[in-house]
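>>> From the sequence below, what's the structure:
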Amino acid sequence: MKFMSTLIVACSLTTLTLASYSHKNNYNPRCFAALSTPEQEIVPGPNGTFVVPEVRSNGFSEGVLRFDKGLTKAYVDVQVKNLNGTLDRVHIHCAPAGVGGGLAVDVFPGTLDADLNSGIVRGYLTNMDILANCPNINNIASLKAAAEDGGLYFNIHTDVFPAGELRGQLYSEEC
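Residues are numbered from 1 along each chain as shown. Below is the predicted model:
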């Protein structure tokens, strides 16, 4: 009898462990976050290369891109701090880390409003907000797929650094 009880407990623990393992392997992220810094900023260089420009800034931003379950909306929340210039544009670009990419979404101005006093840009995007500048990104679902592949970044533009003062690659985050 003691053997049978031990066997049942062992089977139950194995089932729980496998269920937990399976859930993690099938994890489908809906949130992506970025810490944007001047050191990540790049610009086109000679012969199709990219170089890190001299951006002297103490600025940084934290951004989150979150998708609803139906993939009809993507919620954006970006907060910037200590910029050298005045925030004038926030974009989502399509490219992996270290490479410049096309403009996927013109977040601010254009799609979302910003509170320039607090440095917060917040709101949501729909399929209508996706621009046709990135291969394979034409709606919210494909924007999420690009984020899952590590192919999106926030670019924070200011009047002092019009090419971008801050850049932050988006990475998966549990939400």
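>>> ranges for the strands of this protein?
Using DSSP state E, the strands assigned to the chain run over residues 31-36, 43-44, 50-51, 60-67, 74-81, 87-94, 102-108, 114-115, 120-125, 152-158, 166-169, 171-173.
>>> Low-confidence bits of this protein, can you list those?
For the chain, applying pLDDT under 70 flags the ranges 1-29, 42-44, 48-53, 111.
>>> Mind doing that once more with 50?
Residues of the chain meeting the criterion pLDDT under 50: 1-27.
>>> wait, K73 sits on I140?
Yes. Taking contacts as C-beta atoms under 8 Å, K73 lies within contact range of I140: 6.6 Å. All C-beta atoms are positioned from the backbone trio N, CA, C, and that covers glycine.
>>> list the residues that contact both of those two?
F67, L125, T126 (C-beta atoms under 8 Å, 6 or more residues apart in numbering).
>>> Of these, which is the nearest to F161?
Nearest to F161, judged by C-beta to C-beta, of the shared contacts of K73 and I140 is L125 at 24.3 Å.
>>> what's the nearest residue to the closest one if we skip its chain neighbours?
A74 (4.5 Å; C-beta to C-beta, 6 or more residues apart in numbering).
>>> repeat for T37
Once flanking residues are discounted, T37 sits nearest to F60: 5.4 Å by C-beta to C-beta, 6+ apart.
>>> just A132 next, same as before
N138 (6.8 Å).
>>> ok, R66 to N117 distance?
24 Å (C-beta to C-beta, to the nearest Å).
>>> who's more crowded, the two?
Just comparing R66 and N117: by other C-beta atoms under 10 Å the higher neighbour count belongs to R66, 18 against 6.
>>> dump the residue contacts of that one.
Contact analysis of R66 by C-beta under 8 Å, 6+ apart lists R30, C31, F32, A74, Y75, D77, C175.
>>> which of these sit farthest apart?
Using C-beta to C-beta, the contacts of R66 span at most 13.7 Å, a distance reached by R30 and D77.
>>> Settle it for me: which of these two has more neighbours?
Taking neighbours as other C-beta under 10 Å, R30 and D77 compare with R30 leading, 20 against 16.
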